[in-house]
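# Just need the structure, nothing else, for what follows:
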Amino acid sequence: MNNKTNSFYRAPKMLYENPRYKDLSCEAKTLYMFLLDRRQLSEMNGAKWRDEQGCIFIHYTIKDMMQITNYGNKKINELLKELEKHQLIKRKHRGLGRANRIYVYDVLEAAGSDWKPNDVMAWLLEHY
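Sure thing, here's the model as predicted:
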């Protein structure tokens, strides 16, 4: 990936054109762009950022999200819930002192090849 591609965030047209995301707030779409960018980094960095099922995940703290968006803690948590409601992300809480895993669905991938929200959630519930 070259430096020109890293100098901007992607805003998938699908978030604006697909009726499924019609009621997704602009703030949630903006946060999704940041999460999607972080997912791309995880994907480039290989196996370290894949779980036992081979699904890509990211670590992104609330504090870091607050800093980049200029939103408060409460607003970030509301936006994350909104993204979960629209099945754009899944969060896996891993306990005190351990970073949460965030699974980000890449709407830019035609089939979303490594995103199986129902399968991932079923597996997470079974194993954690």
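
# Enumerate every residue touching the closest residue to Leu24 other than its chain neighbours.
Nearest non-adjacent residue to Leu24, counting by CB to CB, 6 or more residues apart in numbering: His86, 5.5 Å away. Just so you know, the C-beta spots here come from the backbone N, C-alpha and C atoms, and that holds for glycine as well. With contact taken as CB atoms under 8 Å, 6 or more residues apart in numbering, His86 is in contact with Arg20, Tyr21, Leu24, Ala28.

# State the distance from His86 to Lys92.
Distance, His86 to Lys92, using CB to CB, to the nearest Å: 18 Å.

# Equivalent analysis for Glu78, please.
Going from Glu78 to Lys92 by CB to CB gives 19 Å.

# re the thing from before, let's have the contacts of His86 in JSON lines, adding secondary structure and neighbour count.
Converted to JSON lines, the contacts of His86 look like this (DSSP: H, G, I helix; E, B strand; the rest coil; neighbours: other CB atoms under 10 Å):
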{"residue": "Arg20", "secondary structure": "helix", "neighbour count": "13"}
{"residue": "Tyr21", "secondary structure": "helix", "neighbour count": "17"}
{"residue": "Leu24", "secondary structure": "coil", "neighbour count": "19"}
{"residue": "Ala28", "secondary structure": "helix", "neighbour count": "22"}
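
# Could you find the lowest-pLDDT member of those residues?
Lowest pLDDT of the contacts of His86: Arg20, 88.

# tell me the contacts of that residue?
Counting by CB under 8 Å, 6+ apart, Arg20 touches His86.
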